[in-house]
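Trainee: need coordinates for the below:
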Amino acid sequence: MRLLLPLSLLIAGPALAQSRVPPPALADTQLSDAGQERAAKALMETLRCLVCQGQSIADSDADMAADMRALVRQRIAAGERPDRVRDWLIERYGDYVSYDPPLSMATGPLWIAPILLLVVGGLLAARSLKRGRR
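Mentor: The predicted structure is shown next:
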């Protein structure tokens, strides 16, 4: 019985952590110009949610993603080109916000790790096959 109260509070914790702040106006509202909305949506699909990290800002329900969607729509509605908006977001949040970060010292491990893992996996597979033939 003594463990029931702390356990129930622990389980209920995430539900209580939801923000009560309404999302920004353009977070979930499409732009009236269909071409601008298409450009905004295409850009949002290429930007990573910094909270979820596995979802684009277009797919994420996180408050931060809603803020970023609103920023993208505001800037595109103001006539800014999507590549300029993308550059601005990368400058503001860092290279990690992009699903296609540029090669630099900070992002080098992101580019090199998959190649390295493939080489190591290939070497292990070759070694395993060699042992199996003996």
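Trainee: center of this structure, which residue is that?
Mentor: The centre of the chain sits closest to Arg48, judged by C-alpha atoms, centre = their mean, with a distance of 2.1 Å.
Trainee: so that residue touches Pro101, yeah?
Mentor: No - at 9.3 Å, Arg48 does not count as touching Pro101 under the criterion of C-beta atoms under 8 Å. Just so you know, the C-beta spots here come from the backbone N, C-alpha and C atoms, and that holds for glycine as well.
Trainee: for the protein, which segments count as helices?
Mentor: Assigned by DSSP state H, the chain shows helices spanning 4-16, 34-45, 63-77, 82-93, 108-133.
Trainee: which stretch in the ones you listed is the model least sure about?
Mentor: Comparing mean pLDDT over the helices of the chain, the weakest stretch is helix 4-16, at a mean of 67.
Trainee: tell me, how many residues neighbour Arg75?
Mentor: Arg75 has 19 neighbours, counted by other C-beta atoms under 10 Å.
Trainee: no, scratch that, I was asking about Ser60
Mentor: Other residues near Ser60 come to 22 when the count uses other C-beta under 10 Å.
Trainee: so who does the nearest residue to it once chain neighbours are set aside touch?
Mentor: In space, and not counting its chain neighbours, Ser60 is closest to Cys49: 3.8 Å by C-beta to C-beta, 6 or more residues apart in numbering. Cys49 is in contact with 55-57, 59-60, 62, 64-65, 68, counting by C-beta atoms under 8 Å, 6 or more residues apart in numbering.
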